[in-house]
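S.K.: need a structure here:
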Amino acid sequence: MPFDTTRPVHPDWAAHHMPVSEGSLNCTVSVTDGSTGGGWDPVSGPLPDAPVVVYTGRARVTYKPVRAEDRDAAGQQVTVRDVIVAVPRDACPELAATARITVTAVDGNAPATLAGRVLAVQSTAWSSHALEQVITCTDDQSNQGA
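M.R.: Below is the predicted model:
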């Protein structure tokens, strides 16, 4: 049994290891947040009234290793895939479901087809030791050009 003053994880563990997480970021994104009262765009989904850019910078985009699935969206069949986007831990506030992430550029560690994708935010969380903010998204593959 450890002593009361013993910590199994050093208090600066996350700060020390954060460069490893940041080194694995494979693209540049723009994160916008806003309401959805502006209508509907078949490429990007709901249009915010006045979208606000809350983050522009590096991110890691990873598709979950499962097949795309067909869903009904307002009477239209769409094909979606679940995506995990990781950004630095203090990059943006907790995002609402109206937020969108646009992949603006990719590096050599990401497929070129990611560039230009618009991802719809489903939820946000932080990794266990706050190395990064983890954002769960969906990629509507039916309504995006490419």
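S.K.: Every contact and neighbour count from this point should use C-alpha atoms.
M.R.: Fine.
S.K.: Please report the distance of the residue nearest the centre of the chain from Ile135.
M.R.: Nearest residue to the geometric centre of the chain (CA atoms, centre = their mean): Val85, 3.0 Å. Separation of Val85 from Ile135 (CA to CA, to the nearest Å): 5 Å.
S.K.: Also Asp82?
M.R.: Applying CA to CA, the value for Asp82 to Ile135 is 11 Å.
S.K.: partners of the residue nearest to the centre of the chain in the sheet?
M.R.: When bridges are called by DSSP bridges, Val85 pairs up with Val61, Ile135.
S.K.: so it touches Thr62, yeah?
M.R.: Yes: counting by CA atoms under 8 Å, Val85 touches Thr62, with 6.4 Å between them.
S.K.: where along this protein do the helices fall?
M.R.: Here the chain has its helices, by DSSP state H, at 13-23.
S.K.: Poorly predicted segments of it, please.
M.R.: Filtered on pLDDT under 70, the chain yields the residue ranges 1-2, 35-38, 46-48, 126-129, 144-146.
S.K.: can you give me the strands in it?
M.R.: Per DSSP state E, the chain carries strands over the ranges 27-33, 40-41, 45-46, 52-63, 69-73, 76-88, 100-106, 118-126, 132-140.
S.K.: Could you dump these into TSV with distance to Val9 added?
M.R.: Formatted as TSV, the strands of the chain follow (distance: least, CA to CA, whole Å):
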stretch	distance to Val9
strand 27-33	30
strand 40-41	47
strand 45-46	43
strand 52-63	25
strand 69-73	40
strand 76-88	21
strand 100-106	33
strand 118-126	17
strand 132-140	17
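S.K.: With respect to Asp12, which of these lies nearest?
M.R.: strand 132-140 (14.5 Å; CA to CA).
S.K.: So what's the residue count around Leu131?
M.R.: For Leu131, the neighbour count with other CA atoms under 10 Å is 23.
S.K.: Now it: phi and psi?
M.R.: Main-chain torsions, Leu131, degrees, to the nearest 10: phi -70, psi -30.
S.K.: ok now do it, which residues does it touch?
M.R.: Ala14, Ala15, His17, Met18, Ser21, Pro88, Arg89 (CA atoms under 8 Å, 6 or more residues apart in numbering).
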